[in-house]
Structures are given as C-alpha cells and as structure tokens.
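Colleague: structure, please.
(2 chains)
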Amino acid sequence: MIGSATVKLSRRSFLKGGSAGALALFAGPRLGTARGLLTEPKLDELVKRALEAATKAGASYADVRVVRIRSENIATREDRVERVASSEDYGVGVRVIAGGAWGFAATPSVTAADAERAARDAVAIAKANAPLMKRPVTLAPVPANVDVWQTPLTKDPFKIPLEDKAEILLAINREAMKVPGVKFATSQFAAAAEWKLLASTDGAYIEQEIVRIGPGYAVTAVDDKRGEFETREFQLPPRQAGWEYVEGSSMLADARRIGEEAVEKLKAPSVSPGKKDLILDPSNLWLTIHESIGHTTELDRALGYEANYAGTSFATPDQRGKLQIGAPLLTFYADKTTPGGLATCGYDDDGVATQKWNLVENGVLVSYQTTREQAGWIGEKASRGTCYADGYGSFPFQRMPNVSLAPGPKERSLDELIAATDDGVVIAGRGSWSIDHQRLNFQFGGQAFWEVKRGKKTRMLRDVAYQANTIEFWHACDAIGGPKSWFMGGTLTDGKGEPGQINSVSHGCPPARFKQVNVLNTNRRTA
Amino acid sequence: MITQPDTRRLVDRILTLVHATKGASAIVAVRSAREGNTRFAVNEITSSGDVEQLAITLTVQFGQRSASATTNQTDDRAIDDLVGRALRMARLAPENPEQLPPLGRQTYLAVKNPVDPATAKLTPDARAKAAGAALAAADAAKVTIAGFVRHGSQSLLLATSEGLSASHTWTSCGMSCTARTPDGTGSGWAGLGGHRIASIDAAALANTAVTKATSSARPHKLDPGRYTVILEPAAVASLLAFLIGAFNARRADEGRSFFAKKRPGDALFPAEITLRSDPTDGPLGASPFDSEGFPLALTKWIDKGTLTGLPYSRFWAKKQGKPPTGQPSAWTLDGGTASQDELIKGVSRGVLITRFWYLRPLDPQTLLTTGLTRDGVYLIENGRISHPVNNFRFNESPVQMLARCDGLGLTEIPSGGEGGGVRVPVLRTHEFNLASISEAV
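Modeller: Next up, the predicted model:
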C-alpha cells in the first residue's frame, strides 16, 4: 500500500535514538544519506544554522521547513484559453517551542542569515506568549527519521507541452458544445508540485516532493424562452499522479454525455420534497464523508481548538469506544499511505511516518487524527502523523488525512443497489455543501439526480438537496457497495485554521443507500 | 519586506527584459506583505507567527496570446527565469480573441488614510496583550475562549509596458473571539476588522463574546419557520457576499445570473437600500484600481433601492458598447440611524442572529443560499429579547433579505467569519426562512 515502495528515490530509514541530544546527532553523515536528487546543497548549512540559532536563543524544540511550491493553471471557456499561469513560491519557515509556547516566523529569503533571523524572531514570539500558557506544549516522541519520499508518477505534468494540456481542455469544450441546448462550457487544469525539506532538533531530515493534479469542467444549458439555465459540473478526482492519469481517463469521452445531462437536467421535473431513499454515488458521497466524518474526528476541533472559526465536534473524546455514529456495516479509516491519495506522503510536518488506522469501527467512534502535540491530550503515546502546513509561511498544525469508507465484504455494484430499490433518488457529483459548526446538521446537493422506481432509473430530476443529522444519516445506511465499486474522490482546497490554510485530501467509498432521508427542493421558483 | 525603491528597480528590470523581445507587451504586479498573528484557544495561546510574503507576477502578451508567471524570489536568476517562463508560455498559449492590450497611464482617486503605522509595526508582545485581555475576560467568567488577532501591511505595485504605473500601500487588522460555557450549551462570538489596531478594544470585544456565551446557554427549542429576524453585521456580511458576487454584466447578459433580464432603473429593494463600492475607503482596505490597473470610481450600484447598472470588464464593455467600470471592490451597504435595541423594540416576535456559518449557494438564478446560525440566537417577544433558542439552518436569498428589510442600524466591518471585507449595518428583515433545527452549539 505504501507509495514509497514503488519509487526509486524513496526509502524509509527509521533511525534509533529518539529525540535525545538531537542537535548533536543532526550534523554529520546523515545529511549525506538523506539527500536525494532534490536537495540544494546550500540548504544543509541553512537548516543547521537556523536550528542552532533557535536553540541558542532558548528554544527547547525547533524545526525548519524549506518549501518550494510550483503550480500551473490553465482555464478555458468554449473555444478559447482564458488563463495560462505558472507560479513558484519558495521560502523558509521556522517553528519553535520556547518557554512552553509555540513561535513561528517565515521569510521568502532563503539564506542562512535570514533563516537565523527567522529562528530568533520565532523564539522571541514564543517568549512573548509564554506567560499566557497554562500547560506547556509537549511533543510525543518520534524516531529521528531521515528519508526521501516522492509521488510515484511516470509523466511529470510540468514537462507536458502547454499546447497538449490546453488542447484536451478545448476538445472537451468542443464535444460538450456539440450537444443542442448547450450554450457555455468551461474547463480547467491545475497541477502543483510541493517540495519540502524538514529538519528538526529531534533529528528529522526529510525531503519530500508531492505532485497533485486536478482537471475538471462545467457545461451550462440555457433555455432562453423560459429564462432558465442549469450547469452540470464534472470533476476528474484530483490525485497525486502524473499526466498519465489524465491521458488514461475518460474525461474527454464523457464530455458529450455530461453536456447531454446538462440539457436533460434543464428539462427535468423539479423534485417533489419529502422523505426518500437515497442512493449516493461515490462521486457525491466522498464529500459527505469529508464533512461529517473527516472533520468530526480532528482532535483539535473536538477539544475546542478550532472553536473560533471552523467550530467544534459532536464526537468528543469522552465518547471514544462508545459513540455509535452509524450503522454497524460502516468502518471509516484514516490513511496517509493510499497510493494517489491527495494527503498521502511519507512523513507529516512533525517528521512522523505516515500510517493507516480506523476512526470509526463497525459504526463506533474509536480514534482521532492527531499530531505530536495532541497525542498526549487523549493519553496516546505516539502521533498519528497528521501535521501539515500549506507553505513555508504557514504554521504546521493538524490537518485531515485521507478518510475513507471501507467497502462491504461482498461485491455489490451501484446498479445492484438501484435494482434493489423500489422508490428512491440516485445522486452523483459534488453540488452545494454545508454543515454546522459541530458537524451535525448538513445539507448537500449534487450534479445529477435520477428518480428510481421499481429497481430502475426512470428520469432525471433537478433542484435536489438532502438534509440530515450526521448520526441519523449514517444510521439510515442499510446497504453499501463491494470492493470493486470503491472509488476515491477528493479536494485540493479544504480550508481550516486562522490564518486560513488549504489542505488536499482524498476520500474513497463505495456507493451506499440511505433509507428515508429528508429531500429538499432548492428551486425558489417552485418551492 | 522589500522596499519601494527595490520594488521599482525590480519592475523596471523586468519591463526592460520583456521590451527586448519583439512584439511582447507586459503587465508586472509586485505584491508584498508582512503579517503577524496570534491565535488562542482553550484559554491559552495556541500559535503565533510573523510572516513575510512576496509575489512578483509577470503577464506577457503577444497580440492575442497571453500567459502569466509568478515568483517570490528577487535574485537575477529567478527574475531571468520568470521572464523566460512567461515569454515561453505566452508564445505557446492558444490565441484568446477576448485578449485586450495592457492599459497605459491612468489617474486614480486617492484612498483616505490607508496606512496606520502602529498597525504595521505591532509587536508580538502587543498581540499577546490583546489575546491576554480575552483570556482574562474568559477566566473571570469561567468560560472557555478561542480567538485570533491579526495585523499586517501590504503593498502592490502594478506597471505595464504601455506606461501604466500604479501603487498602493495599506494596513489591515482584525480580532475575533468565541466564548463557550463549560456545560457546552452556550456559545458567543464577536469580531471587528479595520486598518487601525487602536480602533479594536480587545477587552470589550471579548466581553461581548463572553456575555453572548452565558446569555445563550441552555437554549429553548424554537420550531423552524419563517421569522422576522434581526441580523447582526457579521450575518449580513456573509449573506450579502452572494449578491455582491452576482454584480457582473456579462453573466447577466448571458442569461445566467440573478441580474439576467434586470435593467438599470428597476426598483429591486426598499428606498433605504443603497449598495456602493468605494475605492477611497481606507479602513476597508480599498484599492483605487483593479487587477488590470483600471481606475475604480465611487459607484452606487443600488441607489435608494434601484439598480443603477452592473460592472463591465474592458472586453465586455467594448463588445456591448458600454463604458468599462473595472472590477469594483470595497463594498458598503449603507446603514441607518437606529440602534440594535431600537430595531428589536419594533419586533413583536422574531429572532436575533449573531452570525452565519458555512454559506453555500443553492440556486444561482434566485441567489437562494443555505447556511447556519451560530454563537448567539435569541427569541424576541414584544420588543425584548426573551430567551436563547437553538441554532437553525436557513435557506434564504440575500435578494429577499434586502427586499423585505425595514430597518437598518449603524455600520461596522466584521472580521473573522465568512464574507469579511465589507461595511454593513445591523439589519431587520421579515419572512426569513429558518428551514431546520441545528443541534450544534
């Protein structure tokens, strides 16, 4: 399962020694063994001097991250390319603990002198905050990991000619625009390569390069006579992958069908609201998992650390092992090792090796997402490895790993779930989404909706949203698909924290059926 | 943080490099910032940092072809790479018939007092002091508190090969906090933004959050339904953002907007409603120009309830034979003179709402939007707040919020929630659809 097993450069070397005397251990031959093809040699000196400056200024712990993020975006509309952009963001961030408090400083000037200055600034900030600490920050122990990790890929998306990438997008627009009734088509492609070097006074020296890509498009049909329009969006799930992922996908082949669905949706009857059986395609269900299970099991949120912005969680640690979140057929697991998963990597930004573990087992809350700082808060001895910062200028904190719903043991497809349903609605694609600040009341839309009668999809519907309470919803799940029906969706832009940070995260799941869920009509004109 | 003379030299060097390539024109934007923040939760500091940021973006055009490249490095190699990358990509980019050449020299309105030196220079100690005031207020009231203090100074220099040169420097700041009662049944929030840190009283802000937390504890059940509501500024700002986002002439002309088939002169709202963008509003962080360097004008888009027009990009204006407006920013919904208490006094039965959370569009044509209330919801009976009630999910449109508005209070700039960066009043409106109960606190 571990991505690094298939990568030439990657290796894990768990060195013994823990955190004791780490700064002394830091220098020396391990720098040489850690360097892959990515490191700039000048950085050895930079990170060493920054860690020394932090320690000299009074830090009991320090880490330095040198981060370079390259990104490329192409956006098209109908027959033209509207935007071609590439970006590079490079800098160094130093995080320290001094006087039991965190401090952080960052600069885009990647020189040893400025990294030292950032280290001293970070210590000064920590000391300013120290008098207001009631409990000093303590970190769970971690092996002094020295390693290199890279996204497995065969075709670097940054080396594919721009024209080739633009042409696929324009071809998608052309295909969709052939459908009578389609008036607008937009498509876009995004790629980002996140390279980072993490070194800490606990002995981490870890280089990683994570490459993510995400194409998608949207088709709009307009009925000029009625003055109405409907848009059908299609997302090729963003992945850690190379250009081969796009080439091997059916996104171009699907463009005509997506255009036809936009037109059919515009003509479709508006849903009649009420309690209905729902069959959720994985292209819709992944986001429901993200919001109702993924964020719910973030330990900082559950303990009130995100109360001012993203909120808290109904799943508090005192309910661990007891709270039945959903039906017994449901097991949700966290996994930062799934190949292709957006949050997959070798090590988190605490330098902890990534892993896979259950969050909800047979419907019962069993565990949380943690960092080194947080593990002790619930009596655990080691971090789950979910610390992340979205750039050199961002403070690393707890971010969501890939969180997925395990498939059922027996093979069962979406079509079989439909065939076994007398009266219901099938929902595909990501629509509008919203959930309350304790992750209980949610309301989700979709991109395409079909009525199911006596085991068959009969016609498309429009204006559909489902609204439920998280616990009632997952208890209403009475059937899930099997291993072959499992599919991984995801997002490049999950937000959390103040100042806001972005995280990329995947969620795999089979299709699933939910009994008698509240379906709303979102069309003000007919409601 | 890069100095202004260094930025100028950098821009001149980039334009000179591009100028050496036949047929190329260029737009250069240099954004630099120094920002500091302190975060607290569970009655102690949780993180704090100072961050310097820089983004140098070069857009190169060859006729109808165009591409942009960005770097945050200033050494010669990085700049050569930036120029090379932009030139190479622009040559390869497919032609865009909508591409217009860069703007030449422009004149701009002056922003009123955009910079507050004390806000730019705020120290970690001063931030800790502000956070400490909130922690002390929470400890005294035996509630838990979480919050955020931020400040920063930003600069933008924009220049083109056609002679445009525009620059703007401003400061911004904000503080917000959320207090929660130990029994988990009460939660209260307060937040303010602006550009002068001295305008934010940390202790007063924290006390508002603490009072809201204790007064919202042990809420009574209130059934979903359509209610008269008093929306505090943070709630107004987050829902109004969906209406502001719809101000786009092209999308209206293409038939895919709330404003499709609406015309200047249409009376959409009561006469009390005036919605404007003001490029001179320093406290709002207003810029006198948009991302192309187009000069922005003070514009009332809704004047006394009547639509006056929609923003036109340069391309769409040319195609439709209209004057371009640029992309407006720094929006204000004009307020009235009523205090919040006076607005409450006029309500026989209604709901007071502190703020909204997780707003998402449901129907772009009507701007129907969903979201949730949080951090202080109260029943109003016979002109007085009678008791706290549960949270709700709402399904409502900002259009209806304004169409049914019959009372406006004083304006402020909320900070820390969704839909910030606008100046809005507390507002009373009717028939607001609180669609289902949220058990969250």
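
Colleague: ok now do residue 53, which residues does it touch?
Modeller: Defaulting to chain A. The neighbourhood of A:A53, defined by Cβ atoms under 8 Å, 6 or more residues apart in numbering or on different chains, consists of A:A115, A:E116, A:A119, A:R120. Placement of C-beta: from N, CA and C, glycine included.

Colleague: to clarify, I was referring to chain B.
Modeller: Contacts of B:Q53 by Cβ under 8 Å, 6+ apart are A:P108, A:G393, B:R31, B:S32, B:A33, B:R34, B:E35, B:N72.

Colleague: centre of the chain versus the strand or helix carrying A:L417, how much separation?
Modeller: Element membership for A:L417 (DSSP states H and E) is helix A:414-419. In terms of Cα atoms, centre = their mean, to the nearest Å, the centre of helix A:414-419 is set 29 Å apart from its chain centre.

Colleague: so which of the contacts of B:Q53 wins on neighbours?
Modeller: A:G393 (26 neighbours; other Cβ atoms under 10 Å in any protein chain shown).

Colleague: quick one: it from A:T493, how far?
Modeller: Going from A:G393 to A:T493 by Cβ to Cβ, to the nearest Å gives 17 Å.

Colleague: what segments of the stretch 301-441 of chain B are strands?
Modeller: Per DSSP state E, counting those that start in this stretch, the stretch 301-441 of chain B carries strands over the ranges B:306-307, B:331-333, B:349-363, B:368-381, B:384-388, B:391-396, B:407-412, B:424-438.

Colleague: listing partners with orientation, what would you give for the last one?
Modeller: Okay, so that is strand B:424-438. strand B:225-231 (antiparallel), strand B:391-396 (antiparallel), strand B:407-412 (antiparallel) (DSSP bridges).

Colleague: follow-up on the earlier one: filter the contacts of B:Q53 down to the ones in helices?
Modeller: Judged by DSSP state H, those include no members of helices.

Colleague: now, which of those residues sits nearest B:P102?
Modeller: B:R31 (17.5 Å; Cβ to Cβ).

Colleague: so which of the strands paired with strand B:424-438 is the most packed in?
Modeller: strand B:391-396 (a mean of 26; mean count of other Cβ atoms under 10 Å in any protein chain shown).

Colleague: using CSV, write down the CA coordinates of that one.
Modeller: The C-alpha trace of strand B:391-396 is given here as CSV (Å, rounded to 0.1, in the frame of the first residue of the first chain):
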residue,chain,number,x,y,z
ASN,B,391,-29.5,27.2,16.0
PHE,B,392,-31.0,26.8,12.6
ARG,B,393,-30.2,26.0,9.0
PHE,B,394,-31.5,28.7,6.8
ASN,B,395,-32.4,28.6,3.1
GLU,B,396,-32.8,32.2,2.0
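
Colleague: now the angle between strand B:349-363 and it, please.
Modeller: 60 degrees (axes from the mean of the first three to the mean of the last three Cα atoms, to 10 degrees).

Colleague: okay, angle between strand B:391-396 and strand B:368-381 too, please.
Modeller: 130 degrees.

Colleague: output stretch A:413-424 as CSV, nothing but the C-alphas.
Modeller: Written as CSV, here are the backbone C-alpha positions of stretch A:413-424 (Å, rounded to 0.1, in the frame of the first residue of the first chain):
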residue,chain,number,x,y,z
SER,A,413,-22.4,-2.5,-7.7
LEU,A,414,-24.3,0.8,-7.9
ASP,A,415,-26.6,-0.9,-10.4
GLU,A,416,-27.3,-3.7,-8.0
LEU,A,417,-28.2,-1.1,-5.3
ILE,A,418,-30.5,0.6,-7.7
ALA,A,419,-32.1,-2.8,-8.7
ALA,A,420,-32.8,-3.5,-5.1
THR,A,421,-34.6,-0.1,-4.5
ASP,A,422,-38.3,0.3,-5.0
ASP,A,423,-38.6,4.1,-4.8
GLY,A,424,-35.6,6.5,-4.4
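
Colleague: what comes up buried for it?
Modeller: A:L414, A:E416, A:L417, A:I418, A:T421, A:G424 (16 or more other Cβ atoms under 10 Å in any protein chain shown).

Colleague: from B:Q154, how far off is the third one?
Modeller: From A:L417 across to B:Q154, the span is 52 Å (Cβ to Cβ).

Colleague: and the first one, by the same measure?
Modeller: Computed as Cβ to Cβ, the A:L414 to B:Q154 distance reads 49 Å.

Colleague: pLDDT at the residue in the stretch 151-300 of chain B positioned nearest to chain A, what is it?
Modeller: The nearest approach of the stretch 151-300 of chain B to chain A comes at B:T178, 4.2 Å away (Cβ to the nearest Cβ). Looking at B:T178, its pLDDT stands at 98.

Colleague: and A:G3, by the same measure?
Modeller: 28.

Colleague: with A:N503 instead?
Modeller: pLDDT, A:N503: 97.
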